[in-house]
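Chemist: could you work out the structure for the sequence below:
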Amino acid sequence: MRKNLLLTAAAVVFRLTAMAQAGFQPGYTVSASGDTLRGEVKLQSAPRNAVECRFRPAAAAPEQVLTPAQLRGYGAAGQTFERLPLDTAAVFAEVLVKGPVQLLYAAGTRTERYFLRRGGRLTELRQQVTEVKRGAQVYIATTRMYRDTLAVAFRDCPKAVAYAQNAMFRLDDLSKAVYRYNACLGAAVAPKQRRNVMQLGLTAGYALTDQFRMGRADGSSSINKVYDGQPFFNAGLSLYIKPGFARSPLTLLTGVGAELNRRFAGTVDIGVTQTQITVHLDYATMPLLLRYSPRQQGRVHPYVEAGGSLRLLVKVDRDEKVFLTTPRIVEPFLGTYKKLGAGAVGGVGVALGPEGGRHLWLGLRGEVAMGPSFYAGNSSFRTVQVQVGYQLTGSRAD
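Modeler: Numbers count the residues shown, from 1 in each chain. The predicted structure follows:
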């Protein structure tokens, strides 16, 4: 029972996510004569889904706008809509819960209507909200007739009745009430399968260029100079967060990574004396990027990405300013360090793999980030890296 309720809550969240997204995805329509045609459906807001279905039989085909007068129903991304005649006109009602007792949802621009269906019999769940005036005061009175309707419908399951008496007139509460009753009957009911919203992956990179820029970066002194870095490797774990339907073009990418042994060096002339600067740093990083991939079909998926990053200085292996005199004098160059920094990131690349499966991606990523210096004028890193990643899980729900 508890597992079913948790899955119900997840299904509701995924459903709202899918409704909020744009884009065609695999789906179907059922004509007035009962014929099923598969193609692609564009889900919209709940009120729009109730009055029209945007459908195309293929990606290159023109879009059709179909009404309840033309279809028995349609579906996409695990959501099912059926034609439902109401008082003034027919609408497409979404089947929120399937099983011995079904819950249907008909959305309007200002109203929400819910229906129970059992054995072909349809019963509306109603709530009435009225204003009551008492002298100069105005009160809102809510009559929850739907609770009595649910109590009658669930009378052979006291636990479901008890839950229904506290249920609010909203999608998640009513869905849980019907799931509880169906579970009480022993029906194998589970929320509609959605795609995996979160995917784990591995990431590795190699820095092509790396600069440590201090102050004015004009070479006039050791704290106003650009120090070139050596190429370095990085590695980490990635987390991909996608909306709850297939072919969404957007992915939120985050994770944790390590940049070990970033080495910078340079020579500065101070009068007749040369100084050698050497800095070795280790960082932990956390990117937060929005990746856009316009092509979801096929096996090749180009993308662009942009966002930010947080970085934590975890170790200073070397921080030296060496005066090349006889004898040599060595002293700290930075001395104190900013531990926490942020950066701006952008990149392009391509992901390879089947739609909905595990992807191997290769990209070029640039970053400008805050450096560790407390000197006037601050400091920054400018880096260009080749990045490669592999998703450990696919986006299809198992």
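Chemist: show me the helices in the chain, by range?
Modeler: Under the criterion DSSP state H, the chain contains helices at 2-19, 46-51, 145-153, 158-164, 171-184.
Chemist: which parts of the fourth one are buried?
Modeler: When you say that, I think you mean helix 158-164. Ala160, Val161, Tyr163, Ala164 (16 or more other C-beta atoms under 10 Å). In short, each C-beta sits where N, CA and C put it, glycine included.
Chemist: now, which of these sits nearest Gly229?
Modeler: Using C-beta to C-beta, Tyr163 is the member of the buried residues of helix 158-164 that lies nearest Gly229, at 61.7 Å.
Chemist: was I right to think the closest one contacts Ser175?
Modeler: No: applying C-beta atoms under 8 Å as the test, Tyr163 and Ser175 come out as separate, 11.6 Å apart.
Chemist: which strand residues bridge Val330?
Modeler: Here Val330 sits in beta bridges with Val322, going by DSSP bridges.
Chemist: neighbours of the closest residue to Met214 other than its chain neighbours, how many?
Modeler: Once flanking residues are discounted, Met214 sits nearest to Ser379: 4.6 Å by C-beta to C-beta, 6 or more residues apart in numbering. The number of residues packed near Ser379 is 21, by other C-beta atoms under 10 Å.
Chemist: which residues does Ser379 contact?
Modeler: Phe212, Arg213, Met214, Gly215, Met370, Gly371, Pro372, Ser373 (C-beta atoms under 8 Å, 6 or more residues apart in numbering).
Chemist: any idea how far it lies from Ala258?
Modeler: 21 Å (C-beta to C-beta, to the nearest Å).
Chemist: list the buried residues for stretch 116-128?
Modeler: Applying a neighbour-count criterion of 16+ other C-beta under 10 Å, one finds Leu116, Arg117, Thr123, Leu125, Gln127 buried in stretch 116-128.
Chemist: pLDDT score for the closest residue to the fourth one other than its chain neighbours?
Modeler: Think Leu125. Distance criterion C-beta to C-beta, 6+ apart; nearest residue to Leu125, sequence neighbours excluded, is Tyr146 at 3.7 Å. For Tyr146, the pLDDT comes out at 95.
Chemist: wait, Tyr146 touches Phe115, no?
Modeler: No: using C-beta under 8 Å, Tyr146 makes no contact with Phe115, being 10.5 Å away.
Chemist: of these two, give the one with the bigger neighbour count.
Modeler: Neighbours per residue, other C-beta under 10 Å: of Tyr146 and Phe115, the larger number sits with Tyr146, 22 against 18.
Chemist: and that one, what does it touch?
Modeler: Tyr114, Leu125, Arg126, Gln127, Phe169, Leu174.
Chemist: one more time with 10 Å, if that's ok
Modeler: Contacts for Tyr146 were tallied using C-beta atoms under 10 Å, 6 or more residues apart in numbering; they are 114, 116, 123-128, 164, 167-169, 174, 177.
Chemist: give me the number of residues near Glu94?
Modeler: Residues near Glu94, counting by other C-beta under 10 Å, number 23.
Chemist: which residues does it bridge with?
Modeler: Bridge pairing for Glu94 (DSSP bridges) gives the partners Phe81, Tyr105.
Chemist: equivalent analysis for Glu259, please.
Modeler: Per DSSP bridges, the residues bridged to Glu259 are Asn234, Tyr283.
Chemist: contacting residues for it?
Modeler: Glu259 neighbours (C-beta under 10 Å, 6+ apart): 205, 207, 210, 232-236, 281-285, 311, 314, 381, 383, 385.
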